[in-house]
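# Sequence and predicted structure below; questions after.
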Amino acid sequence: MAYVITDTCTKDELCVEACPVDCIHPKKDESAFEEVKHLMIDPEACIDCGACVPVCPSNSIFLLDELPPDQAHFAEINAAYYAK
């Protein structure tokens, strides 16, 4: 997994718009949008381009290797969302 979104995400979808491979979900028009606390990055589809990072107003997107230790569990949360 290249990037991970944490719970400080405001679901503003700026990262969704910036992503060239459409790997950030759920979007506002998807049924799961209201159910999740933050957006998720598909670990299999992410191409590690980093386009999502500078547009995130809440600084909620981290490289997997740079996730703060207290937020490491968000890597599993993001991956589990796509394992369904």
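Good, I have the coordinates.
# Can you read off the pLDDT for Lys28?
Lys28 carries a pLDDT score of 97 in this model.
# Ala83 now?
89.
# How are the strands of the chain distributed by residue range?
Per DSSP state E, the chain carries strands over the ranges 3-5, 24-25, 40-41, 61-63.
# Would you confirm that Val36 contacts Asn78?
No. Counting by C-beta atoms under 8 Å, Asn78 is not a contact partner of Val36; they are 10.5 Å apart. Heads up, the C-betas are built off the backbone N, CA and C, glycines and all.
# who's more crowded, those two?
The neighbour comparison of Val36 against Asn78 (other C-beta atoms under 10 Å) goes to Asn78, with 24 against 15.
# roughly how far apart are the more buried one and Asp29?
20 Å (C-beta to C-beta, to the nearest Å).
# what's the lowest-mean-pLDDT helix or strand in the chain packed up against?
Lowest by mean pLDDT, DSSP states H and E among the helices and strands of the chain is helix 73-82, with a mean of 94. Applying 3 or more C-beta pairs under 8 Å, 6 or more residues apart in numbering; DSSP states H and E, we find helix 73-82 packed against strand 3-5, strand 40-41.
# In that helix, which residues are buried?
By neighbour count on 16 or more other C-beta atoms under 10 Å, the buried set for helix 73-82 is 74-75, 77-79, 81.
# still on that earlier bit, ranking the strands of the chain by burial, who's on top?
Highest mean neighbour count of the strands of the chain: strand 3-5, a mean of 26 (counted as mean count of other C-beta atoms under 10 Å).
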